[in-house]
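> predicted model and sequence below, questions to follow.
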Amino acid sequence: MEKTRTNKIVITLLSVGAVTLGISMSAYSWVFFEMQQTVTQIANITNETQILATQNAHAQTVRRIVRDTQDERSELDTYFLIEDDIVTFFADLENLGTSAGVNISVSSVKVGKPLDNDKFITPLTLTLESAGSLRQVFHTLALLEAYPKALQITQTRIVQHPSEDSWQGTFAITAIKIDTSASE
C-alpha cells in the first residue's frame, strides 16, 4: 500500500511538474513573442524617427535656400508677367508710344501652349502697331528692346504709307506669363 501511495505521490508530483512545466513554457513563449513584438515596434519607431529627422533636415535646408535667395528671386520675378500685371503691362506698352511720339496699340494677343507640365509658364504673343515718322517708329522699336521685362521681338514689319509721309510699324513680341495660382 505504501508503494501505491508512493506511486500516487510520484505520479501527482510528475503531473504537477508536467503542468508547471507546460505553464512555464507557455509563459516563456508568451513573454518571448511579446518581447519580439516590442523589439519590432521599437525598430519601426526608430526608422520612422530617422525618416522624419531626415525630412526635417531637408525641409530646413529648403527653407534656408528660399530665405537666402529671396532677393534674387524677387528681382527675377520682375522680368516676367503675372496675372495681376497684364493690364498694367498693356498700358505700359501703349504709354511707350507717348515717349516715342506715336500711338501704340495692342492689335492682338495670343496665349501660347504652356512651356511646362504644371502650366506655370505660358508665353503671350502680342502684336503691336504704331504709326509716325520713320525715326519715331524706330524709336518705338528701341524702347521695346529696352523694356524692363523679358520680351522677345519675334517679328518686325515697317512699311511706308504710299500716299503719306508716315510709316507703319508692326511688332510681334512674346512675353512670359507666370501663373502664380498654379503654385498654390
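That came in fine, so what should we check first?
> alpha carbons only for contacts and neighbour counts from here, please
Fine.
> lowest average confidence, helix or strand, in the protein?
Lowest mean confidence among the helices and strands of the chain (mean pLDDT, DSSP states H and E): helix 70-77, at a mean of 82.
> ok, and for that helix, which residues are buried?
The neighbour-count check on helix 70-77 (16 or more other CA atoms under 10 Å) flags nothing as buried.
> what separates whichever helix or strand comes after it from the chain centre, distance-wise?
As assigned by DSSP states H and E, the chain's next helix or strand after helix 70-77 is strand 81-82. With CA atoms, centre = their mean, to the nearest Å as the basis, strand 81-82 stands 17 Å off its chain's centre.
> list the contacts of T54.
If a contact means CA atoms under 8 Å, 6 or more residues apart in numbering, then T54 has no contacts.
> which stretch of helix or strand covers it?
T54 belongs to helix 2-68, assigned by DSSP H and E.
> quick check: angle from that helix to helix 70-77?
60 degrees (axes from the mean of the first three to the mean of the last three CA atoms, to 10 degrees).
> beta partners for P123?
I176 (DSSP bridges).
> give me the pLDDT for it.
Looking at P123, its pLDDT stands at 92.
> I'd like the average pLDDT over stretch 127-140.
The predicted model assigns stretch 127-140 a mean pLDDT of 91.
> which residues are contacting that stretch?
Against stretch 127-140 from outside (CA under 8 Å, 6+ apart): 96-97, 100-109, 158, 165-173.
> strands - which of those residues land there?
With DSSP state E as the criterion, strands contain 103-109, 158, 167-173 from among these.
> filter these down to just the buried residues.
Buried members of those, scored by 16+ other CA under 10 Å, are 103-106, 158, 167-173.
> list just the nearest of those residues to Y147.
I173 (11.4 Å; CA to CA).
> can you tell me which residues contact the closest residue to that closest one other than its chain neighbours?
Leaving aside its chain neighbours, I173 sits nearest to I153 (4.3 Å; criterion: CA to CA, 6 or more residues apart in numbering). If you count contacts by CA under 8 Å, 6+ apart, I153 has them with 145, 171-174.
> alpha carbons of stretch 43-51, as PDB, please.
Taking Å, rounded to 0.1, in the frame of the first residue of the first chain, the C-alpha atoms of stretch 43-51 are listed here in PDB:
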ATOM      1  CA  ALA A  43      12.800  49.200 -34.600                       C
ATOM      2  CA  ASN A  44       9.800  50.600 -36.700                       C
ATOM      3  CA  ILE A  45       9.600  53.700 -34.500                       C
ATOM      4  CA  THR A  46      13.300  54.200 -34.700                       C
ATOM      5  CA  ASN A  47      13.200  54.000 -38.500                       C
ATOM      6  CA  GLU A  48      10.200  56.400 -38.700                       C
ATOM      7  CA  THR A  49      12.100  58.800 -36.400                       C
ATOM      8  CA  GLN A  50      15.100  58.700 -38.600                       C
ATOM      9  CA  ILE A  51      13.000  59.300 -41.700                       C
END
